[in-house]
Structure formats: structure tokens, C-alpha cells
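*Asks:* okay, here's the prediction I keep looking at, along with the sequence it came from:
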Amino acid sequence: MRTVLLASIATLAAVAGCGPSVVGRPCDSTDPCPDHFVCAQAHDGVNRCMRTCSLDETVCSDGTACLPLAVSGGACYLGGNVSVGGTCTSDLDCTRTAICIHSGSIAQCRIGCNLDGTHDCAGGFFCQPTVGNVSGFCGQTM
């Protein structure tokens, strides 16, 4: 009986589009994402379902970076392959918790943070605003 119940719950969750199986699932116009998710290009070039987010936050509730979409709004980005501190060319390069910060001719993946303090930086760092004060990244204290 327990096995049947667990299988039924798993089936219902998959049908309803709930749970972690939606995040990262390939998507397109014939197989769209459920409500509160958006189909956006991931670092591997494949369109995948990602949670939507508000651009007034840099970090989503699950710790991923909220990146702007080409149309409007944002997506809790699944992350790229460049680690924090590594050289990047865009936000899509950085791991799931980081954004690409350009400073002169250098661009590095830095941990994202919310300027309102809802997702702050670890000790020794502070949430520094990016250009336009739209998002934040963890910078060293002065």
C-alpha cells in the first residue's frame, strides 16, 4: 500500500509540474514550463525550465542568481561552469550562486547578494551594489 501511495504522489507531482524535477527540464514551445517557471537558455545552449524571479533581488530564495531575461522579468539561473573568482564574459558563465562583475578589462564571477539584506555575504565581505544599484555582489570590506 505504501509503495502505491508513494508512486501516486510522485505521479501527481510530475503531472502538476511540482517539485525539483521541473527545474532544469528541457523545454520549448511544444513543451512549455508550468506556471512560475520560464523557459530560458542555459549555459549548455539548451532551453530549460527555471523559476521566475523579481529583478529587485540578485539572489533567489534557493540561492541561485536571478538573471534578467531578454523579454522581461528574471530567471533563477541554473549556473554555468566558471567558479567564483574565475574569469567570465557574461553572467551565464558563472556557477549558480554568482554573477559576472566587470571591472575595467577584468571580469570575474562573484557571489551575488541582495542589497536589502535578505541574502547577505559571508564574514569579511559586504554587499556592494553593481552599476545602477540594480543588483549586488559580495566585495571585500575596506
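*Replies:* Yep, that arrived. Numbering: from 1, shown residues only.

*Asks:* run through the protein and note the low-pLDDT ranges.
*Replies:* Applying pLDDT under 70 to the chain flags residues 1-20, 131-134, 141-142.

*Asks:* what sits against residue 76?
*Replies:* The contact partners of residue 76, by C-beta atoms under 8 Å, 6 or more residues apart in numbering, come to 50-53, 60, 62, 64-66. Quick note: C-beta positions are derived from backbone N, CA and C, even for glycine.

*Asks:* switch to 10 Å and redo it
*Replies:* 23, 37-38, 40, 50-53, 57, 59-67, 96 (C-beta atoms under 10 Å, 6 or more residues apart in numbering).

*Asks:* was I right about residue 23 contacting residue 79?
*Replies:* No - using C-beta atoms under 10 Å, residue 23 is not in contact with residue 79; the gap is 11.2 Å.

*Asks:* which neighbours do these two share?
*Replies:* Common contacts of residue 23 and residue 79 (C-beta under 10 Å, 6+ apart): residue 64.
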